[in-house]
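Asker: structure for this input, please:
(one chain, ligands or ions: 1)
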Amino acid sequence: MKVTPLNLQGAALLEPVVHGDNRGFFMESYNEDVLEKQGVKFSFIQDNQSLSAEPGVIRGLHYQLNPKAQTKLIRVLTGAIYDVIVDVRKSSPTFGKWVGVILSEHNHRQLLVPKGFAHGFCTLAPNTQVLYKVDEYYSPENDRGILWNDPALGIDWPTSKPILSDKDQHHPLLKDAELNFD
Ligand SMILES: Cc1cn([C@H]2C[C@H](O)[C@@H](COP(=O)(O)OP(=O)(O)O[C@H]3O[C@H](C)C(=O)[C@H](O)[C@H]3O)O2)c(=O)[nH]c1=O
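Answerer: Sure, this is the predicted structure:
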């Protein structure tokens, strides 16, 4: 598993070794020891999976407040996403900065999202299934969001007219969001 740090502290791109043969491929999608030897050590306790039927679905930008802030390890089983993380740690030198990467069933890439980051993705293909590990349980009372198209963020989403949940249409702007990571 190749671990490439991104330019937001704690975030990284993970690329597994893919063993292809005449049948298809095999890969270790997660190996705690391999990651720990590269400084990636988390106690993931919950696996999540979502299916989005259409391209142009945006889910996010979500985060959980402390003490239930989540580290997330995101990957795509089928389809493709433009995966975005935003640093929402007020004391961070990169507060409000974001990075976007394409994760797909073909590139097998994974995105490590640290606590204190808002996370969201836009699907790029039909029937996109996203799998992700988290190191804190779901906590509805600590679940928060930031508006996907907050002009202060300027995220270059692949669509300006996404399919959104009702919840995701009504998140606050970053400047008004409840944050407690510092
Ligand atoms: C996150 C979560 C949700 N749920 C229930 C709550 C709702 O009844 C239903 C859909 O939840 P939601 O609309 O928040 O799902 P997404 O919009 O896909 O949100 C997720 O996708 C974005 C990109 C994220 O980064 C978050 O991990 C997560 O918020 O699943 C659970 O039962 N457990 C959970 O861990």
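
Asker: residues in contact with the most centrally placed residue in the chain?
Answerer: The geometric centre of the chain, computed from its C-alpha atoms, lies nearest to residue 119 (C-alpha atoms, centre = their mean), at 4.7 Å. For residue 119, the contacting residues are 60, 61, 62, 63, 72, 74, 83, 84, 85, 86, 113, by C-beta atoms under 8 Å, 6 or more residues apart in numbering. In this view, the C-beta of every residue, glycine as well, is placed from N, C-alpha and C.

Asker: would you turn those into CSV with distance to the ligand and neighbour count?
Answerer: Shown next, in CSV, are the contacts of residue 119 (distance: C-beta to the nearest ligand atom, whole Å; neighbours: other C-beta atoms under 10 Å):
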residue, distance to the ligand, neighbour count
60, 4, 23
61, 8, 28
62, 4, 17
63, 8, 28
72, 6, 23
74, 8, 23
83, 8, 26
84, 9, 25
85, 9, 29
86, 11, 26
113, 8, 24
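
Asker: let me have those in TSV, extended by pLDDT.
Answerer: TSV is the format used below for the contacts of residue 119 (pLDDT from 0 to 100):
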residue	pLDDT
60	97
61	98
62	98
63	98
72	98
74	98
83	98
84	98
85	98
86	98
113	98
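
Asker: these in strands, which ones?
Answerer: Judged by DSSP state E, strands contain the following of those: 60, 61, 62, 63, 72, 74, 83, 84, 85, 86, 113.
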